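Q: Predicted model and sequence follow; I will ask about them next.
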Amino acid sequence: MSHSNPPTDNVTAALQQDVNRRLVGERWRIAQGSIVVTLAIAAAIWSQVEFPRIMAWIIGYALWVGISFIAFSGRFLFHWRDRYQTPIIINLINAGRGIWICSSAFVNWQAFANGGQFFWTLTTLWSITMAGGMIFMTVANDYFVHGILISAILFTAAIHQWPVCLSTMMFLLMAMKALREARQTRMNEVQLREKLTYQARIDSLTGLLNRVGLREQFDRLPPGPLGALFVDLDRFKAVNDRLGHAAGDELLGQVSQRLSQMFQTRPHILARLGGDEFYIVLSACPLRDLLAIADRILQILEQPFKLAAGQAYISASIGTASTEENRIDLEQLIRESDEAMYRAKQAGRRRVVYYDESLRQDALQRLDLEGHLRQAVAEAQIIAWGQPIIDYQQSRIANVELLARWQLNQQPISPELFIGVAANIGLTQEIAKIMVNQARDCLQQWQGLPSLQDTCVTINIESQDLVDGLIVDYLENLVFEAQIDPAKLILEITERGLIEAESKARFQIDRLHHLGVRVAIDDFGAGYSSLKSVMMLPVDLLKFDRSLVAAATQDQRMKNVLGAMVEMADSFKIVVIGEGIETVEDIDVMQHLNIQLLQGYYCAKPMPLKNFPHFARDYSPHPS
């Protein structure tokens, strides 16, 4: 299962860099103005104070400006978030500056009170102002107040020195503007941080918590028993394919609204994990209540959704799990409820499954099976067996369906089991390539055998693998390299998968036809699609599901329906295959319906490919 959210890292980084650049730029402009004022003051008092004192004052002021710039901008240049992350040397220098300011004011207070030299009067006033400014900076973190205090005291100290007065007034205006802009930049930064914090915890599409927000809210829960529900929407992909992704987004929004309204009166945590997956955590929820709530969710999600693009119907598969009072672990809770949801999907969807000990054991076994299957696929240990498709009219083997087989520790693994696991972990495409390679090899070997040289090979392909197009690319390469005869290759896709992915699959089917590869619909009748929707697809063969064959054998009305289907398929030039032939009665019905191609245990069982030359040489159909 995927749990991912749309990335915003690039935008976030760009915005943060812009804020940092503006803040550092504004402070550098203030520092430049301070240097100009310092030089103006030095020029004004040049004739009143001895040169060494002037230089000492200028150097001290320049050091203060530099240290302040580093201290207040270092968190942007070097990622210091606060004074606790600022290097100790900077903090010590700032502390020493404060001590120097206070001691300078104390030492020169008498000269200031007695109207002493201008330089010492200026130094005392400056020191008092700086001490006050530092208090404001520490308490209020207000750059604007700091600038006003410094500029005002400069203006007061230079009241009898007109060059300094004019310079100070000009700097005061510039400082007020610069500091106001810096303050606004700071406010924008705060707003940006709040926005990014919100986006990091909230799903932008539904307004629900995302996985990060779920974790934070879960960590705040008090110890105690918890219940959890993992809700995965059924047929959501079909809505996306049929009505478009905008309709899918609208549907997710309406699902979140229905779930939120359902839990308005009960303490809960509701989150969207990603895609069509929602997660709900409930405090102090007994198992009986948990299952009742899950059933209620199924009911409200089966009500029709009115979207801008049309009406949509979905259902849900829900996995539930609970924790004991002394064990609260979100990741474990998600894994358990996810496993239960997966079982609900396997059992046919639209149901609720509770995670218990048996599921835990099954999950451990499945994880072990996944590891061995990955290794088997990587080492091409999956082998193909073949089951003949018999042309009863011509008494010959028309096609051979390749069936994947796998042994683990010399024990055969059920194809339904390992193919299902492969689909869950994304290995079906690799298995399909293994089947194609073995089809190529056997077709080359059969070229010199009269009984098999005209036989075609059928390979089962998952609908999603067909839509992805990679398996079609692989076939193209084999055809262009003359390693396989496309006219002898048939790809089978299940009815359900092909109908759900109709719009995307059509393009790939056209590519296959361009190569010369034929396409068959497998298990027709096992799904819910109409014959008309199937006939509109550009397919070449139609395999009736075993359930249709069995029903036609027992029910005359079903036999008539099947006959009408065969006539319609003939009108579309679609070849029909009867699947699941197990009795002579089944053969009689198929021949009555004019279905020539038959497959089933009564005709021939699956066998290793190496046995086919001998089987084909000695083959004769069962008498009907």
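A: Noted; the coordinates are in hand. Just so we're clear, the structure is a prediction, and the values are computed from it rather than from any experiment.

Q: What helix or strand is Ile521 located in?
A: Using DSSP states H and E, Ile521 sits in strand 518-524.

Q: elements contacting that strand?
A: On a contact count with 3 or more CB pairs under 8 Å, 6 or more residues apart in numbering; DSSP states H and E, strand 518-524 meets strand 456-460, strand 489-494, helix 495-500, helix 502-515, strand 541-544, strand 575-579. The C-beta positions use only the backbone N, C-alpha and C, and glycine is treated the same way.

Q: Point out the most buried one among those.
A: For those, average neighbour numbers computed from mean count of other CB atoms under 10 Å are highest in strand 541-544, which has a mean of 24.

Q: Identify the residues contacting that strand?
A: Here strand 541-544 makes contact (CB atoms under 8 Å, 6 or more residues apart in numbering) with 490, 492, 518-525, 534, 562, 565, 569, 574-579, 595, 599.

Q: contacting residues around the helix or strand just after that strand?
A: Remark: after strand 541-544, the chain's next helix or strand is helix 546-554, criterion DSSP H and E. If you take CB under 8 Å, 6+ apart as the criterion, helix 546-554 is touched by 524-526, 558-559, 561-562, 578-581, 583, 585-586, 589-590, 593, 600.

Q: how about helix 546-554: buried residues?
A: Across helix 546-554, burial judged by 16 or more other CB atoms under 10 Å covers 546, 548-553.

Q: Any regions of the chain where pLDDT drops low?
A: 1-187, 189-190, 194, 325-328, 495-503, 526-535, 621-624 (pLDDT under 70).

Q: so what are the domain limits for it?
A: 9-200, 211-355, 368-618 (automatic domain parsing).

Q: Show the end-to-end separation of the second one, please.
A: From its first residue to its last, domain 211-355 covers 21 Å (CA to CA, to the nearest Å).

Q: Ok, the longest one next?
A: With CA to CA applied, domain 368-618 spans 43 Å between its terminal residues.

Q: Stretch 273-287 now?
A: End-to-end span of stretch 273-287 (CA to CA): 23 Å.

Q: what ranges do the helices span in the stretch 201-350 of the chain?
A: Counting by DSSP state H, counting those that start in this stretch, the segments of the stretch 201-350 of the chain that form helices are 211-219, 236-243, 245-262, 287-301, 330-346.

Q: Can you give me the buried ones in the third one?
A: Pointing back at helix 245-262 there. Within helix 245-262, the residues that count as buried by 16+ other CB under 10 Å are 247-248, 250-253, 255-256, 259, 262.

Q: what does the second one give?
A: Burial within helix 236-243, assessed by neighbour count using 16+ other CB under 10 Å, is assigned to 236, 238-243.

Q: cool, and stretch 318-326?
A: 318-323.

Q: now stretch 575-593
A: 575-581, 585-587, 589-590, 593.

Q: Can you list the buried residues in the stretch of helix or strand Ala439 belongs to?
A: Applying DSSP H and E as the criterion places Ala439 in helix 428-446. Within helix 428-446, the residues that count as buried by 16+ other CB under 10 Å are 428-440, 442-443, 446.

Q: Next: stretch 461-474.
A: For stretch 461-474, the neighbour count (16+ other CB under 10 Å) marks 461-467, 471-472 as buried.

Q: Let's see which of these end up in helices.
A: Taking DSSP state H as the definition of helices, the buried residues of stretch 461-474 contribute 463-467, 471-472.

Q: which one of those residues is nearest Val400?
A: Proximity of these to Val400 (CB to CB) peaks at Ile471, which lies at 19.1 Å.

Q: tell me the contacts of the closest one?
A: Counting by CB under 8 Å, 6+ apart, Ile471 touches 429, 432-433, 436, 461, 465.

Q: Asp276: which of the helices of the stretch 201-350 of the chain is closest?
A: Evaluated with CB to CB, the helices of the stretch 201-350 of the chain place helix 236-243 nearest to Asp276, the distance being 4.1 Å.

Q: elements contacting the closest one?
A: If contacts are counted by 3+ CB pairs under 8 Å, 6+ apart, helix 236-243 sits against helix 245-262, strand 310-312, helix 495-500, helix 502-515.

Q: Need the distance between the two termini of stretch 447-463.
A: End-to-end span of stretch 447-463 (CA to CA): 30 Å.

Q: Give me the contact list for the strand holding Ile521.
A: The contact list for strand 518-524 (CB under 8 Å, 6+ apart) reads 456, 458, 460, 489-496, 498, 509, 512-513, 534, 537-545, 548, 577, 579.

Q: So what's the residue count around the closest residue to Leu515 other than its chain neighbours?
A: Excluding the flanking residues, the one nearest Leu515 by CB to CB, 6 or more residues apart in numbering is Pro486, at 4.8 Å. By other CB atoms under 10 Å, the residues close to Pro486 number 17.

Q: need the contact list for Pro486.
A: Counting by CB under 8 Å, 6+ apart, Pro486 makes contact with 475, 479, 515-517.

Q: between these, which is nearest Leu196?
A: Proximity of the contacts of Pro486 to Leu196 (CB to CB) peaks at Leu475, which lies at 47.0 Å.

Q: follow-up on the earlier one: reformat the contacts of Ile471 as JSON lines; add distance to Gln303.
A: Listed next are the contacts of Ile471 as JSON lines, based on distance: CB to CB, whole Å:
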{"residue": "Gln429", "distance to Gln303": "37"}
{"residue": "Ala432", "distance to Gln303": "39"}
{"residue": "Lys433", "distance to Gln303": "43"}
{"residue": "Val436", "distance to Gln303": "44"}
{"residue": "Ile461", "distance to Gln303": "35"}
{"residue": "Asp465", "distance to Gln303": "34"}
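
Q: So for the host helix or strand of Met565, what gets flagged as buried?
A: Using DSSP H and E, Met565 sits in helix 556-571. Neighbour counts over helix 556-571 (16+ other CB under 10 Å) mark 558-559, 562-563, 565-566, 568-569 as buried.

Q: Kindly report the same for stretch 211-218.
A: Going by neighbour count (16+ other CB under 10 Å), the buried part of stretch 211-218 is 211, 213-214, 217-218.

Q: Ile269: which of the buried residues of helix 236-243 is nearest?
A: Using CB to CB, Phe236 comes nearest to Ile269 of the buried residues of helix 236-243, at 22.3 Å.

Q: Distance check, the closest residue to that closest one other than its chain neighbours against Lys237.
A: Nearest residue to Phe236 in three dimensions, chain neighbours excluded: Asp276, at 4.1 Å (CB to CB, 6+ apart). To Lys237, Asp276 is 8 Å away according to CB to CB, to the nearest Å.

Q: repeat for Pro304
A: 18 Å.

Q: one step back: the helix holding Ala439 versus strand 489-494: what angle between them?
A: On the basis of axes from the mean of the first three to the mean of the last three CA atoms, to 10 degrees, helix 428-446 is oriented at 150 degrees to strand 489-494.
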